[in-house]
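1. starting from these lines, generate the structure:
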Amino acid sequence: MRQMRRIERQITDPAAIKEMVAGCEIMRVAFNDPDEGDIYVVPVNYGFTEENGEYTLYFHGAKAGRKADLGRKGGIVGFEMDRGYELVRNEEPCDHTCRYESIIGSGEITFLEDDEDKKVGLAAVMRQVSDRDFKFPEEMVKATAVYRIIVRNLTVKVHE
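-> Residues are numbered from 1 along each chain as shown. Predicted structure coming up:
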């Protein structure tokens with residue numbers, strides 16, 4: 001794992017990391033698209049599970065399109081989440097800065113096929129945006145693409 005340049009900004013406390021993962025609203029997923037020769041980044045709603053400091057991220061979408069095509073291929077993806085952005089102005093233009101908290105990482109993506117696995121992922125996504133439990137109709141589960149990212153690398157940073 002690569003070490004951050006500004007190590008004093010890194011958050012390593014497990015409770016603080018979990019609070020930040022839970023506190024972000026959008027995750028950006030970066031897919032390598034070798035067929036197009038570029039990177040495809042897409043913002044998604046997400047959810048997560050955590051066990052002993054190990055994170056699994058979930059997101060959902062349509063079963064067709066570029067995200068679905070790349071998600072089905074599997075492999076390693078990058079991801080980013082952030083919150084609390086605030087511009088800090090200064091008299092000199094190069095002295096402007098900003099405050100924010102960010103999470104950057106990578107992991108192995110899987111396109112979930114099993115309906116029970118998909119329900120686990122959908123429940124995690126809904127926990128991220130709601131404080132209630134949901135039951136998922138079978139036809140909706142079958143019609144929805146659900147992806148799982150097993151996090152391999154996670155770096156949390158506070159920039160003040």
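2. buried sites along stretch 69-88?
-> Of the residues in stretch 69-88, those scored as buried under the neighbour-count criterion (16 or more other C-beta atoms under 10 Å) are 70-71, 77-82. (C-beta placed from N, C-alpha, C; glycine too.)
3. which residue packs closest to the residue nearest in space to the middle of the chain, ignoring adjacent ones?
-> Of all residues in the chain, the one closest to the mean position by C-alpha atoms, centre = their mean is Met27, 4.0 Å from it. Counting by C-beta to C-beta, 6 or more residues apart in numbering, Tyr46 is the residue found nearest to Met27 once chain neighbours are left out, at 4.1 Å.
4. any idea how far that neighbour lies from Arg83?
-> Tyr46 sits 13 Å away from Arg83 when distances are taken as C-beta to C-beta, to the nearest Å.
5. scan the chain for its longest helix.
-> Selection of the longest helix in the chain by residue count, based on DSSP state H, yields helix 115-129.
6. hey, where'd the helices end up in the protein?
-> Remark: helices assigned in the chain by DSSP H are 14-23, 66-73, 115-129, 138-143.
7. ok, the nearest residue to Ile109 once chain neighbours are set aside - contacts?
-> What sits nearest to Ile109 in space, not counting adjacent residues and going by C-beta to C-beta, 6+ apart, is Val77, at 4.7 Å. When contacts are counted by C-beta atoms under 8 Å, 6 or more residues apart in numbering, Val77 touches 29-32, 106-109, 149.
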